[in-house]
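A.B. asks: sequence first, predicted model second:
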Amino acid sequence: MEYLKLLFMKLKKYLVENKHTQSSFIDEIEMAKGIKVPQGTLAKWILGTRIPRKEEMLIIYEVTHGKVQPNDFYGVTPPIWSRD
């Protein structure tokens, strides 16, 4: 199960580990992509009450350098038979 911690990283965990506030992450997205994400939208992604749309997920993936992936929002894990 330890390997799952390496594969999946929730957005909230990413923000904490990278010492981001919601505001600083919004600023990072804006600097990297020129898009302003509303703070309320980001809060919903963090809490899991809203799943980002495809375009938003691609932005999150790119800004986090692949550390937060679309599967992290859906809780999809590798099938049991593919685990070593």
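C.D. replies: It's in.
A.B. asks: so which residues of this structure form helices?
C.D. replies: 2-7, 11-17, 22-33, 39-47, 54-63, 70-74 (DSSP state H).
A.B. asks: so which elements touch the last one?
C.D. replies: Put plainly, it is helix 70-74. Applying 3 or more C-beta pairs under 8 Å, 6 or more residues apart in numbering; DSSP states H and E, we find helix 70-74 packed against helix 54-63. (C-beta placed from N, C-alpha, C; glycine too.)
A.B. asks: what residues sit buried inside the helix it packs on?
C.D. replies: Residues Glu56, Met57, Ile59, Ile60, Tyr61, Val63 are the ones in helix 54-63 that count as buried (16 or more other C-beta atoms under 10 Å).
A.B. asks: any idea of the mean pLDDT for that helix?
C.D. replies: Over the span of helix 54-63, the pLDDT mean works out to 96.
A.B. asks: quick one on the thing from earlier: what would the buried residues of helix 54-63 look like in a markdown table with distance to Gln22?
C.D. replies: Below are the buried residues of helix 54-63 laid out as a markdown table (distance: C-beta to C-beta, whole Å):
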| residue | distance to Gln22 |
| --- | --- |
| Glu56 | 15 |
| Met57 | 18 |
| Ile59 | 15 |
| Ile60 | 13 |
| Tyr61 | 18 |
| Val63 | 13 |
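A.B. asks: among the residues you listed, which one lies nearest to Lys33?
C.D. replies: Top of the list for closeness to Lys33, among those and by C-beta to C-beta, is Ile59 at 5.5 Å.
A.B. asks: residues touching the closest one, list them.
C.D. replies: By C-beta atoms under 8 Å, 6 or more residues apart in numbering, the contact list for Ile59 reads Ile29, Ala32, Lys33, Ile35, Val37.
A.B. asks: before we move on, what about Lys10?
C.D. replies: Lys10 is in contact with Val68, Asp72, counting by C-beta under 8 Å, 6+ apart.
A.B. asks: repeat that for 10 Å
C.D. replies: Neighbouring residues of Lys10 by C-beta atoms under 10 Å, 6 or more residues apart in numbering: Val16, Trp45, Ile46, Gly48, Val68, Asp72, Phe73, Gly75.
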